[in-house]
Each structure stands twice: as C-alpha cells, then as structure tokens.
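Q: Sequence and computational prediction follow.
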Amino acid sequence: MTAPAAALIGTAAVLAGGNPAYAGVRTDDAPAPETVPETAPETLGDPVFPALGNDGYRVDAYHLDFSYDASTALVDATATLELRTTQALSRLSLDALGLDIRTVRVDGRTATFEQVDEKLRITPARPLPARARVTVCVTYTADPRRALAHTAWVPTADGFAICPQPDSAHTVFPCNDHPSDKADFTFRITVPAALRAVASGAPVCTEELAGDRTAYTYRSRSPIATELVQITVGDYVVKERLGPHGLPLRDVVPAARAEALEPALALTPGLVEWIEARLGAYPFETYGLLPCNSDDPSAFDFTGLETQTLTLYKPNYLLQAEPKIGSHMMHELVHSYFGNSVSPATWADLWLNEGHADFYGLLYRYERGWADSLGLTTFEARMKDTYARGDQWRKSSGPVAAPNAVNLFDSQRYLGGVLVLYALRQLIGEDAFHAVERAFLARHRNSSASTQDYIAIASQTCGQDVSGFLRDWLYGTTTPRMPGHPDWTVTPVTPSLTAPRRQPGARWHENSATL
C-alpha cells in the first residue's frame with residue numbers, strides 16, 4: 001500500500017486551493033513535444049496512489065492468454081499489449097508484481113527488462129518514436145497463492161477468481177494499472193475440460209483441445225479499466241436469462257450451489273429495469289453475478305465487487321432473503337454506470353463511484369420499505385443522521401473528494417458521497433438532478449471523469465453555477481448547511497468521537513450503507 005503521507009501531499013494540495021481535478025493524470029492523447037527518446041515516467045501522478053500507472057504511452061488493447069494447470073494451480077500466461085506512444089521513448093514501464101517474467105518482446109524483437117519494486121522496466125531493441133503504434137508481448141508464470149503485499153488473486157479449491165480493485169490488477173497481468181487508461185480486452189483461458197473459464201465481456205468461441213483441455217475466448221465490446229477485469233476458473237455452470245429489452249444476462253455459479261443461489265440470481269432483471277428507468281439503458285453487452293466458489297470470509301475484501309459485466313460476490317451473502325441483499329445488489333449494478341462506464345480519473349474521485357452506488361441502492365431499499373442497518377426506513381431520515389456525522393467524518397476521513405490510501409474506502413466516500421448528491425438534489429430539484437446524472441453519463445461514457453468534470457456538467461445542465469456549492473460540500477473541512485433543512489444540525493467533534501484505530505495497511509471496504 002502506498003504510504004499515507006505521500007497521498008496526503010496530494011490531499012493537502014487540493015485543500016490549499018488547487019484545482020480539485022488533479023491535473024497530473026492525463027485524459028487526452030496529446031504527444032509531448034520532445035522528439036529525443038526518453039525514459040517514460042513511472043507514474044501517472046495519482047494523488048492517492050502516486051506510484052501507480054506509467055506515462056509516455058496509452059494502451060489501446062490487452063490480449064491475455066492464460067493456461068491453468070490444475071495439478072500445480074499455476075497460470076502460464078502471455079500478455080500482449082497494443083500501445084500508442086505519446087512521446088519518443090528509449091524505455092517504458094508497466095506495473096507488475098509477483099509475476100515470474102520469462103520474456104519480453106517489443107514489435108517482435110527481444111527486449112531487455114528488469115523488475116524493480118512493482119514496475120517492469122522494458123528497454124526495446126530500438127527506441128520508439130512518438131505517436132507510434134507498438135506491440136509489447138510478455139510471457140510469464142503466476143501463482144495465485146503467492147503471498148504478496150497485496151494481490152488480486154482469489155484462489156479457490158477448484159481454480160481462482162480475481163479482485164483487482166483498487167491497485168492490484170498488475171499482480172495478475174502486467175499493465176498500466178490506472179483507471180484513466182481504459183482499454184479493450186480479449187481473454188483466452190485454457191483449462192482442464194472438467195472446469196469452466198469465464199471472463200469479462202461476451203463469449204467469442206470455445207475450442208476443444210488435445211489433452212482433454214478446453215479454451216474459452218471472451219472479448220469486451222467496451223473499454224475496461226484494469227481494476228474492473230474479471231477472470232475466473234472453476235467448477236461453474238453458466239445460467240442465462242433475458243433482462244429488459246432482451247439484454248443477455250449471464251450468471252457464473254458454483255455447480256454445487258446453483259439451485260440454492262437461484263432466488264438471488266432471479267432478482268437481476270427487476271433490478272436492471274428499475275435502474276434503467278432512472279439512468280438510461282444498461283451500458284454493456286451483458287450483466288451477471290459471479291458468486292466466487294470460496295467460503296473463506298477473508299478471500300477478498302468486498303462483499304461484492306463490480307468487475308465489468310460480471311459482479312464478484314461472496315456466495316453465502318447471496319443466500320439471504322431479498323430484503324437483506326436487494327439494496328446492495330442495486331449498489332453493485334449501479335457501478336455499471338458510475339465506476340465502469342464512467343471510471344474515476346483518479347482514485348481521489350472514488351466518491352463518484354461509491355456515492356452514486358449507495359445513493360440509488362438506498363433509494364431502492366426505502367421504496368420497498370426495507371429498514372436499513374440503523375433501523376431507518378426513509379431516505380430523509382438516513383440523510384439527517386448522516387448530516388449529523390458530517391464534521392466528524394471530515395476530521396477522521398478528510399473531505400469527501402480528498403481521500404488518502406488509508407481512508408480511501410471509509411464511509412465518507414460512500415454515505416458522505418450520498419449526502420453531497422442529496423444536497424445537490426435539494427438545491428436544484430429532482431428533475432434537474434436527474435438531468436445532471438444522465439448528462440454526466442452520456443458525456444463521459446466509456447472514458448474516465450473527474451470530480452471537476454461532474455461539477456462542470458452539473459452547472460451546465462441545471463442552468464445555475466453550482467461549482468462553489470459543490471466544492472464546499474466536496475472539499476470543505478466543515479459541513480455546509482443543508483438546503484431545505486435549516487433545522488438539521490451537525491454533532492460537534494469531541495475527543496470521544498475520534499476515528500477508530502486501524503491496523504497498519506488495513507483496508508476497510510465494508511462501509512456501504514446498502515449492506
């Protein structure tokens with residue numbers, strides 16, 4: 001995990017009056033003016049994870065070819081990356097950790113390489129010119145059970161799944177591991193014939209191979225951020241059904257639990273119909289659930305994770321009755337819009353993902369009369385309770401849009417984000433709020449967007465300048481007044497309300513109000 005102190009530097013810069021949209025991460029393809037080959041920077045300057053990502057190029061596509069050996073539980077892999085350089089390069093780097101790299105080739109020529117910390121440094125046989133299309137091919141072996149400082153691998157008794165968020169995709173494949181550099185993906189996974197392999201995107205073909213093995217190929221129709229990739233192998237069955245407007249729904253379910261999980265899986269068509277009425281058509285080629293075939297409560301940090309087109313879940317969670325799971329199932333589905341279709345420009349923009357997912361997840365809950373974890377049954381009651389906590393959360397977790405690596409997944413990014421959206425809706429009205437939401441999703445579909453992008457679209461769409469209002473809510477150190485509720489009060493911060501102490505390196509991902 002990135003040192004909190006380094007991340008706080010970025011936070012402090014925001015609070016000091018800098019542009020709330022962190023300017024260090026590129027969102028365009030403009031080449032640098034230099035023509036002399038250079039070593040590309042080994043960072044994209046993220047304010048939360050400053051060592052993550054690499055500059056000097058953009059990735060157009062990843063082609064991942066995995067071969068799983070059930071006897072050793074190892075994965076032999078080839079990752080082929082199609083890049084576009086944005087400057088002349090004598091060396092470039094990818095994010096990579098815990099991968100046993102065998103060879104690296106650049107445009108078919110053997111390249112020298114070294115692995116340093118979490119970087120794979122590559123020196124091509126010839127310098128790369130600016131604006132060039134380049135193919136980088138890396139062969140390697142990965143051990144899903146290897147102990148690492150952090151990992152995306154979720155080993156199971158019969159295979160694996162992956163849980164890359166926020167910064168661990170590069171423990172599965174070498175990549176430019178940052179949500180601002182989304183790319184197309186193709187997956188080919190070869191497994192013993194008794195197992196099934198599934199990945200993000202739509203199936204392309206299935207090949208029966210010698211040695212009683214099968215290869216499954218999938219391709220994404222929309223770009224995917226590295227933190228949203230899903231690849232899974234196991235004794236699974238694929239259950240298909242139709243959603244609204246004929247949307248193909250695909251669930252990947254442990255064979256032994258398929259019947260027990262069916263009540264939860266059958267909820268998806270209704271969930272999709274509800275959210276489409278508010279945010280528009282579902283943005284991808286398919287949707288479904290992946291209850292990972294593991295009962296280990298610590299197999300991964302999330303109850304559910306919005307890996308694109310195939311949401312990862314802890315299976316026992318989905319065995320509960322609908323009032324216990326429906327709200328969080330909506331939360332994860334909303335991420336298809338906020339987080340997946342529109343990804344965060346930096347990890348400081350996480351509130352856009354989690355605040356929106358909790359906002360609609362809670363609306364769905366209260367419409368059905370399901371009490372939340374506090375026993376509350378209305379959105380307004382929950383917002384009043386959250387408002388009272390505002391100053392405490394700003395002290396213990398920072399402003400909503402200014403996290404660091406330690407508090408990134410605190411409640412401030414979830415319910416704190418909901419409170420910002422609620423305040424905006426109170427100010428501009430429900431119709432204008434819905435117009436803002438849809439305009440933001442349309443403008444930035446299949447790309448990444450920053451907090452500043454949301455603020456700009458809100459002002460453009462609602463017909464009034466709400467930039468100062470939203471910046472106070474997103475970056476202020478005290479909680480602003482709530483429009484329409486002059487009687488609401490904030491509980492004063494006292495020593496007895498200090499934040500709970502975390503273990504070093506701990507990540508808390510269970511702060512969604514929909515759980």
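A: That came in fine, so what should we check first?

Q: For beta bridges, what are the partners of residue 161?
A: residue 154 (DSSP bridges).

Q: Could you check how far it is from residue 190?
A: Remark: distance between residue 161 and residue 190 (Cβ to Cβ, to the nearest Å) = 17 Å. Every C-beta, even on glycine, is put in place using the N, C-alpha and C of the backbone.

Q: Any buried residues in the helix or strand hosting residue 362, and which?
A: Here residue 362, judged by DSSP states H and E, is contained in helix 350-367. Within helix 350-367, the residues scored as buried using 16 or more other Cβ atoms under 10 Å are 350-366.

Q: Helix or strand with the lowest mean pLDDT in the protein?
A: Every helix and strand of the chain was ranked by mean pLDDT, DSSP states H and E. The lowest is helix 4-15, at a mean of 34.

Q: neighbours around residue 149, how many?
A: Residue 149: 11 surrounding residues under other Cβ atoms under 10 Å.

Q: now the strands: where do they sit in the stretch 101-250 of the chain?
A: For the stretch 101-250 of the chain, the strands defined by DSSP state E, counting those that start in this stretch occupy 109-110, 112-116, 119-123, 133-142, 153-156, 159-162, 184-192, 196-199, 202-209, 213-219, 231-234, 236-242, 248-254.

Q: out of residue 161 and residue 190, which sits in the busier spot?
A: Counted by other Cβ under 10 Å, residue 161 and residue 190 do not tie: residue 161 has more neighbours, with 29 against 21.

Q: Correct me if wrong: that one contacts residue 154.
A: Yes - counting by Cβ atoms under 8 Å, residue 161 does reach residue 154; the two are 4.4 Å apart.

Q: joint contacts of the two?
A: 292, 294, 312 (Cβ atoms under 8 Å, 6 or more residues apart in numbering).

Q: From the residues you listed, which shows the smallest pLDDT?
A: Lowest in pLDDT among the shared contacts of residue 161 and residue 154 is residue 294, which has 91.

Q: List the contacts of it.
A: By Cβ under 8 Å, 6+ apart, the residues touching residue 294 are 154, 155, 156, 157, 161, 314, 315.

Q: quick check, it in a strand?
A: No - secondary structure of residue 294 (DSSP: H, G, I helix; E, B strand; the rest coil): coil, not part of a strand.

Q: Roughly how far does it sit from residue 344?
A: From residue 294 over to residue 344 (counting by Cβ to Cβ), the distance is 28 Å.

Q: can you check residue 333 too?
A: Taking Cβ to Cβ, one finds residue 333 at 18 Å from residue 344.

Q: on that earlier part again, give me the helices and strands touching the helix holding residue 362, please.
A: Helix 350-367 is packed against helix 268-279, helix 322-334, strand 342-344, helix 379-388, helix 411-428, helix 451-462, with contacts defined by 3 or more Cβ pairs under 8 Å, 6 or more residues apart in numbering; DSSP states H and E.

Q: change it to 6 Å
A: The contact analysis (3 or more Cβ pairs under 6 Å, 6 or more residues apart in numbering; DSSP states H and E) places helix 350-367 against helix 322-334, helix 411-428.

Q: okay if I get these as CSV plus mean pLDDT and mean neighbour count?
A: Below are those laid out as CSV (pLDDT from 0 to 100; neighbours: other Cβ atoms under 10 Å):
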stretch, mean pLDDT, mean neighbour count
helix 322-334, 98, 22
helix 411-428, 98, 25
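
Q: what's the closest of the ones you listed to residue 234?
A: helix 322-334 (20.2 Å; Cβ to Cβ).

Q: Counting by contacts, list what the closest one packs against.
A: helix 268-279, helix 350-367.

Q: Next, the angle from the first one to strand 248-254.
A: The one in question is helix 268-279. 130 degrees (axes from the mean of the first three to the mean of the last three Cα atoms, to 10 degrees).

Q: immediately after helix 268-279, which helix or strand?
A: strand 289-291.

Q: residues making contact with that next one?
A: With contact meaning Cβ atoms under 6 Å, 6 or more residues apart in numbering, strand 289-291 is reached by 232, 251, 252, 253, 261, 310, 311, 312, 313, 315, 318.

Q: ditto for stretch 69-89
A: Here stretch 69-89 has contacts from 31-32, 34-35, 37, 40, 56-68, 128-130, 132-143, 173-174, 192, using Cβ under 6 Å, 6+ apart.

Q: Whichever of these end up buried, select them in PyMOL.
A: The buried residues among the contacts of stretch 69-89 can be selected in PyMOL (16+ other Cβ under 10 Å) with this line:
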select buried, resi 31+37+40+56+57+58+59+61+62+63+64+65+66+67+68+128+130+134+136+137+138+139+140+142+143+173+174+192
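
Q: Okay, now the unreliable bits of the protein?
A: Low-confidence segments of the chain (pLDDT under 70): 1-36, 496-509.

Q: can you rerun that using 80?
A: Residues of the chain meeting the criterion pLDDT under 80: 1-37, 495-510.

Q: hmm, back to that, how far off centre is the helix holding residue 362?
A: With Cα atoms, centre = their mean, to the nearest Å as the basis, helix 350-367 stands 15 Å off its chain's centre.

Q: re earlier: among the shared contacts of residue 161 and residue 154, which one sits closest to residue 267?
A: Using Cβ to Cβ, the shared contacts of residue 161 and residue 154 come closest to residue 267 at residue 312, 16.7 Å.

Q: What's the local residue count around the closest residue to the closest one other than its chain neighbours?
A: Nearest non-adjacent residue to residue 312, counting by Cβ to Cβ, 6 or more residues apart in numbering: residue 305, 4.4 Å away. The number of residues packed around residue 305, counting by other Cβ under 10 Å, is 26.
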